[in-house]
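A.B. asks: Kindly generate the corresponding structure for this input.
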Amino acid sequence: MKNTHSKFIGYILWIFGFLGSHRFYYGKPLTGTLWLFTLGLCGVGWLIDLFLIPSMDKNADLRYHCGQYNYSIAWIFLTFLGPLGFHRMYLGKWISGFLYLFTFGFFFLGVIYDFYTLNQQISDKNSRIFS
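C.D. replies: The predicted model follows:
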């Protein structure tokens, strides 16, 4: 089994977990959205996730393809610099990356889209390299 996601990054994002960051990172956008709108289920779900991160990490490792593009780097770029498009440039999507840079991530709607799809974008890129 290849390690696609990092527990360390998962725990770093868990610090912002009441916003659902770690859940998006591990490919759980629906519960990430729920955490975002309920502040981690009023903090209870956020606290429980402290113990669930190892299993979320293992499931993400099984679900996504490893390869040239590192999930953790892309997620750090998206989480902290999303509107600047660095995560897109990292994936070789230069045109949309520069458009994000000059339009605040397509007026932040593109950043939201990427929170839902970044894992799959990386997985697709990594699987194409080996095909």
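A.B. asks: contacting residues around the nearest residue to Leu39 once chain neighbours are set aside?
C.D. replies: In space, and not counting its chain neighbours, Leu39 is closest to Phe18: 4.6 Å by C-beta to C-beta, 6 or more residues apart in numbering. (Glycine included, C-beta is placed from N, CA and C.) Phe18 is in contact with 35, 39-40, 43, 46, counting by C-beta atoms under 8 Å, 6 or more residues apart in numbering.
A.B. asks: Buried ones from those residues, can you make that a ChimeraX selection?
C.D. replies: A single ChimeraX command suffices to select whichever of the contacts of Phe18 are buried according to 16 or more other C-beta atoms under 10 Å:
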select :35,40,46
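A.B. asks: Kindly indicate which of the contacts of Phe18 lies nearest Ala60.
C.D. replies: Nearest to Ala60 among the contacts of Phe18: Trp35, at 16.3 Å, using C-beta to C-beta.
A.B. asks: roughly how far apart are that closest one and Leu13?
C.D. replies: Per C-beta to C-beta, to the nearest Å, Trp35 is found 11 Å from Leu13.
A.B. asks: Can you get me a residue count around Tyr26?
C.D. replies: By the measure other C-beta atoms under 10 Å, the count of residues near Tyr26 is 29.
A.B. asks: Would you check that it makes contact with Tyr11?
C.D. replies: No. Under the criterion of C-beta atoms under 8 Å, Tyr26 lies out of contact with Tyr11, with a separation of 11.5 Å.
A.B. asks: Can you pull the residues that touch both of those two?
C.D. replies: Ile53.
A.B. asks: Mark out where each domain of this protein begins and ends.
C.D. replies: 7-63, 71-130 (automatic domain parsing).
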